[in-house]
Structures are given as structure tokens and as C-alpha cells.
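Asks: got a sequence here, can you build the structure:
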Amino acid sequence: MSLEVPLSQQGRCAVHPDLPAGGTCFRCGSFICADCTTSVPGLGVRLYCQACAARPDVNYLEALRQRYQGKRDGWAWVVAGVTLLLCVATAAALSQWGLRATKEALFTLVLLIPVPVGVAFFLGRRWARHALVATPLVMAVVADALAPSGRFLFFLCAMPGLITAARIHRDVRNQLFFRLPVPPAMLKVLWNERFNNPMARQASRFGFSALFMPMLAPVAVICGVVALKRVDPKATPPIGRRDQALMGLVLGLVSPLLWGAVLLLWLSDRIHF
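Replies: Coordinates of the predicted model:
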């Protein structure tokens, strides 16, 4: 007797009925073929059909993308604030010196160079992301043309702005504001930073702080215990940071012991004296 299942009785893909199914969707149970099989980053070996894999309640990274897509982040408001301050500073300087062909007035106009870039950045124009990186160097070059004797100082002052602009340019949250395509790996980094068991991060911070301020040790212990209870690698999305939770808990427990030992040594020296 043959144990082979006839082709007519084998499961067929719900999307491609002419292809045999290689499995079922973890969420809806539909038959899926090899072409339709989709995995979600961070959910292990679970397989989904393409429709379920795109759902925000399943693909937490896609939900994160939709949450921040096109919405201004903190950097957008920082750039807007700096742009407004530059406008106010320029107006105050021009009211003092007036719009004359003097070196002071020309240097004041240098402050207006970032204004169009800042406005475009706040409005979400993509070219402004790249222009923001070049703006500090452009300001330094223009200032150098007006006063070559201060070249070193101008470029030195441009370095913090250049570093900050480069950091903004690489920020994943800011890329989502500009609706740029962000790969799942970078979305996962953003999710880990903001939503993956933040209590564990607080536990580690309080634990390190307790080494210098032992009154924070109970806070580190409480945060560490709560964070450990929240760890669940099988959840959707998975909740991790066990190492940070343990670190905060251990440092919270060890810190009072270390300070107690130091206090006993100090008291023994005082009594002996």
C-alpha cells in the first residue's frame, strides 16, 4: 500500500493555487508556498504570509516605521530653534550697526546663511539634510574670506556644528521624518533604543550611579527586578536586555556593601587614632 499523498489532495498555496504549499502562516493559518513565505526580523523562525507579515500588529518594525514616518523629531525642532535664534541675533545686530558696507554688518549677514537650510529642514525637504552638513563649512569659508586672519578660529568653531549635523544626518528617527527608506536592521536598532525594555536601561544607569551615590542603590535594585520580570524572548515583539537588568540589580546590591566596607575602614582608622 502506498503512503504517498496524491497531488490533488496536497495543500495548495492560497495565493498561487498552482504551487504546492510548503507550510502555513503562523498568524492566519493559510497555506503558503516558498515564494510567499516571509519571516519577520526579530521573531525567530516564525513564517508568515506576505499579508500578515506587513500587518503592524505582527511586524513591530513596520509599526514603528508607520508611527514615525513623516513626523518631526527632536532634531527638527532643534534646527528650527537655532534658525530662529540666528534670525533674532541678526536683527539685533543690524539694528545696532545698520545695513552698511562695514565688516561688522557683513559678518552679521554670515549668520543668515543657515536660515534657508533650517527652514527647509523643518519643512522636511530632503536636500536640506545634505545642505545642513555643508552649512558650517560654508559659513567658515565666507567668514575666512572676510577676515583671513581668523581662519583657524572660524574652522574650529565650525567643527561642533559639522559633527552635530553629521549625527543628525545619520539618525534613524530623523530619516523617518524625511520619509527615507530605512532597512529593518536600522529600525530594530531604533526600537531597541526606545522600546525594548527601557526599565533595564534605567536599572543599569542607576546601578552605575549607585557606585558614587549609594542612596540610589534601592532604585537600581527595584528597576532591575522589574526589568527581569519583563524579559520575554518569545513575546511579539521580543523583550530582552536581560544583561542590563542583571547588571543594575548586581550593582545595586554590591554598592551598599562597598560603601559599608569603606565606612568601616574609615571608622577603624578614626577609633585607632
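
Asks: going by C-alpha atoms from here, please, whenever you check contacts or count neighbours.
Replies: OK.

Asks: where do the helices sit along the stretch 51-200 of the chain?
Replies: Secondary structure of the stretch 51-200 of the chain (DSSP state H, counting those that start in this stretch): helices at 60-68, 74-97, 103-110, 114-122, 127-146, 151-170, 172-177, 184-194, 198-210.

Asks: what helices or strands is the fourth one leaning on?
Replies: Identification of packing neighbours for helix 114-122 by 3 or more Cα pairs under 8 Å, 6 or more residues apart in numbering; DSSP states H and E yields helix 74-97, helix 127-146.

Asks: just name the most buried of those.
Replies: For these, ranked by mean neighbour count under the definition mean count of other Cα atoms under 10 Å, the leader is helix 127-146 at a mean of 18.

Asks: got the contact list for that helix?
Replies: Taking contacts as Cα atoms under 8 Å, 6 or more residues apart in numbering, the residues outside helix 127-146 that touch it are 103, 106-107, 110-111, 113-114, 117-118, 120-121, 150-151, 154-155, 158-159, 161-162, 165-166, 169.

Asks: same check, this time on stretch 183-202
Replies: Applying Cα under 8 Å, 6+ apart, the set of residues contacting stretch 183-202 from outside is 41, 61, 64-65, 172-173, 220, 223-224, 226-228, 230-231, 238-242, 244-245, 248.

Asks: kindly report the same for stretch 241-251.
Replies: Contact with stretch 241-251 is made by 196-197, 199-208, 210-211, 217, 220-225, 227-228, 231, as judged by Cα under 8 Å, 6+ apart.

Asks: with adjacent residues omitted, what lies nearest to residue 86?
Replies: Distances taken as Cα to Cα, 6 or more residues apart in numbering place residue 111 nearest to residue 86, at 6.1 Å, with adjacent residues excluded.

Asks: now swap in residue 77 and tell me
Replies: Of all residues beyond its chain neighbours, the one nearest residue 77 is residue 122 (7.1 Å), with distances taken as Cα to Cα, 6+ apart.

Asks: any weak-confidence spans in the stretch 1-150 of the chain?
Replies: Low-confidence segments of the stretch 1-150 of the chain, defined by pLDDT under 70, span residues 1-10, 39-45, 56-57, 97-105.

Asks: follow-up on the earlier one: distance check, the residue nearest to residue 86 against residue 21.
Replies: The span separating residue 111 from residue 21 equals 65 Å under the rule Cα to Cα, to the nearest Å.

Asks: again with residue 233
Replies: Relative to residue 21, residue 233 is positioned 29 Å away (criterion: Cα to Cα).

Asks: of those two, which one has the most company?
Replies: Between residue 233 and residue 21, counted using other Cα atoms under 10 Å, residue 21 has the larger neighbour count: 22 against 15.

Asks: got the confidence number for the most centrally placed residue in the chain?
Replies: The C-alpha lying nearest the average C-alpha coordinate of the chain belongs to residue 190 (Cα atoms, centre = their mean; 4.2 Å). The model reports residue 190 with a pLDDT of 90.

Asks: contacting residues for the residue nearest to residue 86?
Replies: Counting by Cα under 8 Å, 6+ apart, residue 111 touches 86-87, 90, 139.

Asks: pLDDT on the longest helix anywhere in the chain, on average?
Replies: Among all segments of the chain classified by DSSP state H, the helix with the greatest residue count is helix 242-272. Helix 242-272 comes out with an average pLDDT of 84.

Asks: off-centre distance for that helix?
Replies: The gap between the average C-alpha position of helix 242-272 and the chain average comes to 34 Å, counting by Cα atoms, centre = their mean, to the nearest Å.

Asks: now swap in stretch 224-239 and tell me
Replies: 20 Å.

Asks: swap in stretch 149-161?
Replies: The gap between the average C-alpha position of stretch 149-161 and the chain average comes to 29 Å, counting by Cα atoms, centre = their mean.

Asks: list the buried residues of that stretch.
Replies: Neighbour-count burial for stretch 149-161, with 16 or more other Cα atoms under 10 Å as criterion, is recorded at 154-155, 158, 161.

Asks: which one of the residues you listed is nearest to residue 26?
Replies: residue 161 (48.6 Å; Cα to Cα).

Asks: which residue is the nearest non-sequential neighbour of that closest one?
Replies: Distances taken as Cα to Cα, 6+ apart put residue 136 closest to residue 161, at 5.9 Å, once the chain neighbours are dropped.

Asks: endpoints of stretch 36-50, how far apart?
Replies: Start and end residues of stretch 36-50 are separated by 6 Å (Cα to Cα).
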